[in-house]
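Engineer: predicted coordinates and the sequence they were generated for:
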Amino acid sequence: MSEAFNAFEMVQKQFDAIADKLDLNEAARDFLRNPLREYHFLIPVKMDDGSTKVFKGFRIQHNDALGPAKGGVRFHPLETVDLVRALAMWMTWKTSVVDLPLGGGYGGVICDPHHLSMREQEMICRGWVRQLGDNIGPLRDIPAPDIMTYSQHMLWILDEYETMHGRKYPGMITGKPVGMGGSLGRTESTGYGLMFTVREALREMGIRPDTTTASFQGFGNVAQHAIKLYNQLGGKVVSVSCWDQKTHSANAFTKPDGINLDELLKISDRFGSIDIEKAMDLGYEILPGDKWIEMECDILIPAALENQITMENVDKIHPRVKIIAEGANGPTSPEADEVIKKRNIFMLPDFLCNAGGVTCSYFEQVQSNMNYYWSKDEVLSKLDVKLTTAYHKVSELARKKKLYMRDAAYMIAIDKVVRASKERGWI
Ligand code: NAD
């Protein structure tokens, strides 16, 4: 989220390149390179100290030709409207490529939950949904948790919405606690989904997972569950990096025999930061955080932030690397992407390989609307089918037309939304 980096410009650039490949007409381009609807509003909150603070909130619906919009709500001090626009647009392509009957939206509030009490956060959640009124809901736009928002926030938003509308709408939001309309398997879904696509890529390359190694940037929800499944497949993780709240810097943790997930989980906090001293006691070598990209391994998994593989570090990728699987949204700059393409590294693009979360959110919505809940195994096996099917559709097109995987995924996703918009008579 640096000032120079504008995620919306990046996602528009990616869209323009595919619009040329698909030979889209001007109306389709104008319609899809910008959001369909945007809501910008202010949320005044009575703070615990008696003062009133005004927060800025957004909800952006990029496109809903395939179904109601769907996407996260992010609480972050560096939130910008362009970042929300980019995330909404990525959601449109993400739901489309995995074949969900949903569109793309995103929202957020500029705030720092580290400096807000739970009561103040509750007031922000309730204020956010009051401003949106009827413009979200199970048949219009279904929010979900994202950075620094959790199941508790979703429940406050749901409760306020149900109070406003005088009836129960369990399917108006996802990421609810299990037992309160949440789905089993949601916690694992993004990391597992990512690893399902890596597993399929290795299968197509004729490489056994238990002969491979990987390096991760990030040790949060996505990375932890991806590592769990990767270890079960026999893969060895040579390094993980994470942010340290005390030193305000990133560190990479490595061990010659591979990191041990269970022991690192015991010494990490809920923000995915690993305790440096305890890790050293366990025999880990601590390197600067940016070393994750230089590791000798087969698979690189950026699962922390956007704009992490850039022209400044792309040449440091080890010659052994065969696959990059983008756990985070937008971790690779378009310029660095070109270098990766030329080096023939197999790219699993973000909106395909991290779509497990939204797929499971969709399953949650279906279960909530039916008020009937599935077992965890059922959820995860349905997730495997969805992600594996989407992977093979993209890979088949990439092979047939000799396309880079990101381009093939975009072509499938954009073409589907263009066709739906045309068939509805919009463009
Ligand atoms: P999280 O907050 O649980 O974890 C983030 C991790 O990144 C933490 O370990 C943190 O220490 C680390 N980190 C932060 N800055 C870093 C830096 N400069 N260098 C190294 N590590 C750093 O987040 P998450 O839910 O795991 O999400 C990670 C990424 O995946 C985000 O981009 C998110 O938008 C994306 N994503 C998440 C989901 C989901 O379901 N959680 C779904 C799709 C995409």
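Structural biologist: Right, received. Where do you want to start? Residues are numbered from 1 along each chain as shown.
Engineer: how about residue 45, secondary structure?
Structural biologist: strand (DSSP: H, G, I helix; E, B strand; the rest coil).
Engineer: please report phi then psi for the closest residue to the ligand within the stretch 151-300 of the chain.
Structural biologist: Nearest residue of the stretch 151-300 of the chain to the ligand: residue 220, at 1.8 Å (C-beta to the nearest ligand atom). (C-beta placed from N, C-alpha, C; glycine too.) Main-chain torsions, residue 220, degrees, to the nearest 10: phi -100, psi -150.
Engineer: correct me, but it touches residue 271?
Structural biologist: Yes. Contact status for residue 220 versus residue 271: in contact at 7.3 Å, counting by C-beta atoms under 8 Å.
Engineer: who's in contact with the residue of the stretch 151-300 of the chain closest to the ligand?
Structural biologist: Contacts here follow C-beta atoms under 8 Å, 6 or more residues apart in numbering; on that basis residue 220 touches 242, 271, 272, 303, 304.
Engineer: what about the second one, is that helix, strand or coil?
Structural biologist: Secondary structure, three-state DSSP: residue 271 is coil.
Engineer: what residues does it make contact with?
Structural biologist: 220, 243, 245.
Engineer: my read is residue 297 is in a strand, agree?
Structural biologist: No. Counting by three-state DSSP, residue 297 is not found in a strand; it is coil.
Engineer: tally of neighbours for the residue lying closest to it once chain neighbours are set aside?
Structural biologist: Among residues not flanking residue 297 along the chain, residue 213 sits closest, at 4.2 Å (C-beta to C-beta, 6 or more residues apart in numbering). Neighbour count for residue 213, taken as other C-beta atoms under 10 Å: 17.
Engineer: show me what residue 213 bridges to in the sheet.
Structural biologist: Beta bridges link residue 213 to residue 236, judged by DSSP bridges.
Engineer: before we move on, what about residue 41?
Structural biologist: Under the criterion used here (DSSP bridges), residue 41 is bridged to residue 57.
Engineer: so it makes contact with residue 55?
Structural biologist: No. Taking contacts as C-beta under 8 Å, residue 41 lies outside contact range of residue 55: 9.6 Å.
Engineer: what about residue 380, distance to the ligand?
Structural biologist: 14 Å (C-beta to the nearest ligand atom, to the nearest Å).
Engineer: Provide the secondary structure category for that residue.
Structural biologist: Classified using three-state DSSP, residue 380 is helix.
Engineer: am I right that it is in contact with residue 183?
Structural biologist: No. If you go by C-beta under 8 Å, residue 380 and residue 183 don't touch, sitting 10.4 Å apart.
Engineer: so residue 36 touches residue 88, yeah?
Structural biologist: No. The pair residue 36 / residue 88 is not scored as a contact, 9.2 Å apart, by C-beta under 8 Å.
Engineer: where do the strands sit along the stretch 51-200 of the chain?
Structural biologist: With DSSP state E, counting those that start in this stretch as the criterion, the stretch 51-200 of the chain has strands at 52-63, 69-76, 104-110, 141-145.
Engineer: dump those to JSON lines, plus mean pLDDT.
Structural biologist: JSON lines is the format used below for the strands of the stretch 51-200 of the chain (pLDDT from 0 to 100):
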{"stretch": "strand 52-63", "mean pLDDT": "98"}
{"stretch": "strand 69-76", "mean pLDDT": "96"}
{"stretch": "strand 104-110", "mean pLDDT": "97"}
{"stretch": "strand 141-145", "mean pLDDT": "96"}
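Engineer: for those, give me CSV that also has mean neighbour count and distance to the ligand.
Structural biologist: Formatted as CSV, the strands of the stretch 51-200 of the chain follow (neighbours: other C-beta atoms under 10 Å; distance: least, C-beta to the nearest ligand atom, whole Å):
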stretch, mean neighbour count, distance to the ligand
strand 52-63, 21, 16
strand 69-76, 26, 8
strand 104-110, 27, 10
strand 141-145, 27, 8
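Engineer: residues of the stretch 301-427 of the chain that sit close to the ligand?
Structural biologist: 303, 304, 305, 327, 328, 329, 354, 357 (C-beta under 6 Å from any ligand atom).
Engineer: in PyMOL, select just the buried ones from these.
Structural biologist: A single PyMOL command selects the buried members of those (16 or more other C-beta atoms under 10 Å):
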select buried, resi 303+304+305+327+328+329+354+357
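Engineer: mind checking which of the residues of the stretch 301-427 of the chain next to the ligand land in helices?
Structural biologist: Mapping these onto helices (DSSP state H) picks out residue 357.
Engineer: residue 210 and residue 233 touch, don't they?
Structural biologist: Yes. The pair residue 210 and residue 233 qualifies as a contact (C-beta under 8 Å) at a distance of 6.8 Å.
Engineer: of the two, who's got more company?
Structural biologist: Neighbours per residue (other C-beta under 10 Å) separate residue 210 from residue 233, with residue 233 holding more: 14 against 11.
Engineer: who are the contact partners of the nearest residue to residue 223 once chain neighbours are set aside?
Structural biologist: Closest residue in space to residue 223, ignoring its immediate chain neighbours: residue 303 at 4.2 Å, by C-beta to C-beta, 6+ apart. Going by C-beta under 8 Å, 6+ apart, residue 303 touches 191, 194, 216, 217, 218, 220, 222, 223, 226, 327, 328.
Engineer: let's see it at 6 Å
Structural biologist: 216, 218, 222, 223, 327, 328 (C-beta atoms under 6 Å, 6 or more residues apart in numbering).
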